[in-house]
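**Q** Structure for this input, please:
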Amino acid sequence: MTPDIQILARTIYGEARGEYNKVNGGIAALIAVANVVVNRTKQRTWFGKTIAEVCQKPWQFSCWNVNDPNLRLLQANTILDPIFEVCLMVATKVIQGEWPDLTKGCDHYYAVSLKTPPPWAQGRVPKCQIGQHLFFDLKERH
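**A** Numbering: from 1, shown residues only. Here you go, the predicted structure:
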């Protein structure tokens, strides 16, 4: 298993594992997070050029932030949760191009649970909602 698959799976796990067992989330919510990462790598901008660079770019995916409670779990050598196995499968299939881009090119998202949208989302219309995340295509910004 490549390091990119591991990092992407850990990002999916940290960002969306809680949606896997929800009726309006499921595996689509996991795939959508992976889609955003892959879409950012295709842009080859300041986000990074590799999956690992994009996932671990400071302040881009909250699960990798120093103050996030998920970070210690993501840095563990082994994650024993069965949902992590699903995240590994999603990461593999999305990286290999075997599964579609459910976000239709989006490169940003945020959880609907946020009380106020992040500054980058204010005044913008999401392209779609998958599970508990709103997805945006902000390529024109870069």
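**Q** tell me which strands and helices the biggest helix by length in the chain is in contact with?
**A** For the chain, the helix with the greatest residue count under DSSP state H is helix 26-43. On a contact count with 3 or more Cβ pairs under 8 Å, 6 or more residues apart in numbering; DSSP states H and E, helix 26-43 meets helix 3-16, helix 51-56, helix 82-95, strand 108-111, strand 128-130, strand 133-136. Quick note: C-beta positions are derived from backbone N, CA and C, even for glycine.
**Q** okay, how far is it across stretch 70-89, tip to tip?
**A** Stretch 70-89 has an end-to-end distance of 20 Å (Cα to Cα, to the nearest Å).
**Q** With stretch 64-72 instead?
**A** Note: stretch 64-72 ends 9 Å apart using Cα to Cα.
**Q** what's the offset of that stretch from the middle of its chain?
**A** Stretch 64-72 has its C-alpha centroid displaced from the chain centroid by 15 Å (Cα atoms, centre = their mean, to the nearest Å).
**Q** Other residues contacting it?
**A** Applying Cβ atoms under 8 Å, 6 or more residues apart in numbering, the contact partners of stretch 64-72 are 11, 14, 55-56, 58-59, 62-63, 74.
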